[in-house]
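>>> Take a look and give me a structure for this.
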Amino acid sequence: MGLFDNISNTVSGAVDLANSVASQETKKTVVFQEMPENLAQLQALPEAAMKNPLDVAALTVAALCVYPYNKEASIEMLNFLKGPQPLSNAEISFIADRFRDSDYVPRSYLNGATPQNNYMPQRPYSVTVYETPHSRDNLNEGYMTIYITSGGADSPRYVRLRTKPSTGEWFLWEQFLLVGIRVPDAQNPWA
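Next comes the predicted model:
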């Protein structure tokens, strides 16, 4: 049984939202045959090598998708992605607060998830992450910004990553993914 199997999809067929990223951007689609549900499953993925910042951004989406189903496992996964600096109490509180009213925001970053289909992503699950010409503006200080498009927002959201030069690994520094998006049509009285 998969992570999202209990979510009802009120619309048959997913609306595929076109990605509008410019040609000069580097992008990558990370595919999950099954969404990782705990730290061990996340660490077993090839993207968990932490060497590619695009992979770390995609794994951040996966870890946040777990939160509504298993808060502790999600926090464990996020702490792994944070590397030498785990989530602070304030960050944990912020994440909990963002999930009080809705559980669909992280799913909206998975390809095929839109308000019209209750943010039910297509299988196999995938997330497309990308750099812009400004993603590496702070690379000299060790930071990089990776963008992710939500099926429920008009503009992309981002995660900021930090590198550990001694190992060449990239770690989650901060995420700006858990912000408001359009409600699913099933919950929208005006849809």
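>>> Tell me how many other residues crowd the nearest residue to residue 2 once chain neighbours are set aside.
Excluding its sequence neighbours, the residue lying closest to residue 2 (C-beta to C-beta, 6 or more residues apart in numbering) is residue 34, at 5.8 Å. No exception for glycine: its C-beta is placed from N, CA and C like everyone else's. With neighbours defined by other C-beta atoms under 10 Å, the count for residue 34 comes to 12.
>>> start at 59 instead
Sounds good: first residue 59 from here, last item residue 92.
>>> give me phi/psi at the residue nearest the centre of the chain?
Among the residues of the chain, the one closest to the centroid is residue 119, at 1.8 Å (C-alpha atoms, centre = their mean). Dihedral pair for residue 119: phi -60, psi -50, per degrees, to the nearest 10.
>>> Contact partners for it?
By C-beta atoms under 8 Å, 6 or more residues apart in numbering, the residues touching residue 119 are 164, 167-168, 185, 206, 235.
>>> how far is stretch 167-176 from where the chain is centred?
The chain centre lies 13 Å from the centre of stretch 167-176; the measure is C-alpha atoms, centre = their mean, to the nearest Å.
>>> Same question for stretch 99-115.
13 Å.
>>> Now tell me what touches that stretch from outside.
Outside stretch 99-115, the residues touching it (C-beta under 8 Å, 6+ apart) are 84-86, 88, 90, 92, 94, 116-117, 120-121, 135, 138-139, 141, 187-189, 202, 204, 206, 217, 219, 221, 226-230.
>>> can you pull the buried residues of it?
99-100, 103, 105-106, 108, 110-115 (16 or more other C-beta atoms under 10 Å).
>>> ok, now stretch 199-211?
201-211.
>>> now swap in stretch 159-172 and tell me
Neighbour count says stretch 159-172 has 160, 162-172 buried, by 16+ other C-beta under 10 Å.
>>> Show the average pLDDT along stretch 199-207.
Stretch 199-207 shows a mean pLDDT of 97.
>>> Excluding covalently adjacent residues, which one is nearest to residue 150?
residue 133 (6.4 Å).
>>> show me the contacts for the one you found.
Residue 133 touches 125, 145, 150, 153, counting by C-beta under 8 Å, 6+ apart.
>>> For the protein, which segments count as strands?
85-90, 183-188, 201-206, 215-222, 227-234 (DSSP state E).
>>> so which of the ones you listed gets nearest residue 247?
Closest to residue 247 of these, according to C-beta to C-beta: strand 215-222, at 25.8 Å.
>>> strands paired with the closest one, and their directions?
Counting by DSSP bridges, the strands paired with strand 215-222 are strand 201-206 (antiparallel), strand 227-234 (antiparallel).
>>> need the contact list for residue 152.
residue 236.
>>> And the pLDDT at it?
The model's pLDDT for residue 152 equals 96.
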